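>>> This is the structure alone, sequence omitted:
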């Protein structure tokens, strides 16, 4: 069965008041994400060893395999974006008490978590992602990955939040101001309800 572009779960205008305009969502979801899905389906169609595998299995099977890098990149980006759309909300920015308590326990405060998340995203050279993950030790941590990689591939923990820091995520709204995009993301766009549900 072919992989498909998921729905956003909200309208393309729903995040405009929170700092992500309709054109950004149209291009990012309808063009960029769709292109990853289309490319991935093309690779799977031509490679019997990938057919019938879940998205997660394809990511794990192609991670660090040089000859499968294009497959990994498109599978990783499909997985990352499925999560990304869930990690934002028109009512984003409000943190449930359960998550706030865990973040305060592991980072010292919500402000310190936001600073760490922002620093992770700003410090990702070039294209990539910044993540809030629950590590195997039961502690929350911020990590980052380049290009289409993710914590599923690297084994760094269970993802609670993921933010895209490729330029197409923010250029129309914030131009080259990635720090401002990330600050707005943690303050206004982040779906902390979703993150709490993953705990």
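Now that the structure is in, tell me what you want to look at. Just so we're clear, the structure is a prediction, and the values are computed from it rather than from any experiment.
>>> What are the structural domain limits within the protein?
Domain assignment for the chain by automatic domain parsing gives 21-86, 97-198.
>>> Let me know the helix or strand that residue 25 is in.
Secondary-structure assignment from DSSP states H and E places residue 25 in helix 22-27.
>>> right, and residue 93 touches residue 192 too?
Yes - shown here, residue 93 and residue 192 form a contact pair, counting by Cβ atoms under 8 Å, at 7.4 Å. C-beta: built from backbone N, CA, C; applies to glycine.
>>> What residues does the nearest residue in space to residue 169 that is not next to it in sequence make contact with?
Spatial nearest neighbour of residue 169, chain neighbours left out: residue 28 (6.3 Å); criterion: Cβ to Cβ, 6 or more residues apart in numbering. By Cβ atoms under 8 Å, 6 or more residues apart in numbering, residue 28 lies in contact with 164, 168-169.
>>> Which PyMOL command selects the buried ones in these?
To isolate the buried ones among those in PyMOL, judged by 16 or more other Cβ atoms under 10 Å, type:
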select buried, resi 164+169
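>>> Give me the secondary structure label for the residue nearest in space to the middle of the chain.
Nearest to the mean C-alpha position of the chain, by Cα atoms, centre = their mean, lies residue 162 at 3.4 Å. What DSSP: H, G, I helix; E, B strand; the rest coil gives for residue 162 is strand.
>>> Just to be sure, residue 9 is in a helix?
No - secondary structure of residue 9, determined by three-state DSSP: coil, with no helix assignment.
>>> Please state the backbone phi and psi of the residue of the chain positioned farthest from its centre?
Each residue of the chain has a distance to the centre, and by Cα atoms, centre = their mean the biggest one is for residue 48: 28.4 Å. For residue 48, the backbone dihedrals (degrees, to the nearest 10) come out as phi -60, psi -30.
>>> What are the neighbouring residues in contact with residue 199?
Neighbours of residue 199 in contact, by Cβ under 8 Å, 6+ apart: 98-99, 102, 134, 160.
>>> didn't residue 167 look like it was pressed against residue 124?
No - at 11.7 Å, residue 167 does not count as touching residue 124 under the criterion of Cβ under 8 Å.
>>> Looking at these two, which is more packed in?
residue 124 (19 against 15; other Cβ atoms under 10 Å).
>>> Grab the nearest non-local neighbour of the more buried one.
residue 144 (4.5 Å).
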